[in-house]
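Asks: Sequence isn't available, so here's the structure alone:
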């Protein structure tokens, strides 16, 4: 990966640049990285982009992704492998769906989905550690039965 030599890095701030793409495995080798912000870029993020970030606890992606601003959704597997992730900010990206993308984020405690184009709250079944959820400023018209099954906060 691009950052392979930075094995002791714990904090990476790439916010408000003009980064448009990050390839699969870009962050391989950053096994101690705990905090990363990609906010304010024009990224295309796909499956595998975030591979190798096993210690990541905070990921800030507010206004980060170009394809999101056109009303796209985040696909399955985008955040797979981020098992230590506790805070995820996907606010202000014009997302229409994140369904399935949050699967496997069992340590997640804080989730920002505000300022998007969601019409329903995504199913958060199994997110037993969730303490904070911001879904304000969306187009939500319904909250489905079972949306919060297993959320004990």
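Replies: Here it is on my side, so go on. Keep in mind that what you see is a predicted model, and the values were worked out from it rather than measured.
Asks: low-confidence ranges in the protein?
Replies: Counting by pLDDT under 70, the ranges of the chain that qualify are 65-73, 153.
Asks: Please identify the helix or strand for the residue nearest the centre of the chain.
Replies: For the chain, residue 88 is the residue whose C-alpha lies nearest the centre (CA atoms, centre = their mean; 4.9 Å). Element membership for residue 88 (DSSP states H and E) is strand 87-89.
Asks: packing partners for the next helix or strand after that strand?
Replies: Where DSSP H and E defines the elements, the next helix or strand beyond strand 87-89 is strand 110-112. Here strand 110-112 touches strand 87-89, strand 132-134, going by 3 or more CB pairs under 8 Å, 6 or more residues apart in numbering; DSSP states H and E. Placement of C-beta: from N, CA and C, glycine included.
Asks: Tabulate those in a markdown table, adding columns for distance to residue 109.
Replies: Formatted as a markdown table, the helices and strands packed on strand 110-112 follow (distance: least, CB to CB, whole Å):
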| stretch | distance to residue 109 |
| --- | --- |
| strand 87-89 | 7 |
| strand 132-134 | 7 |
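Asks: most packed of those?
Replies: Each of the helices and strands packed on strand 110-112 was assessed for mean neighbour count using mean count of other CB atoms under 10 Å. The highest is strand 87-89, with a mean of 21.
Asks: Please state the offset of it from the chain centre?
Replies: Here strand 87-89 is found 6 Å from its chain centre; the criterion is CA atoms, centre = their mean, to the nearest Å.
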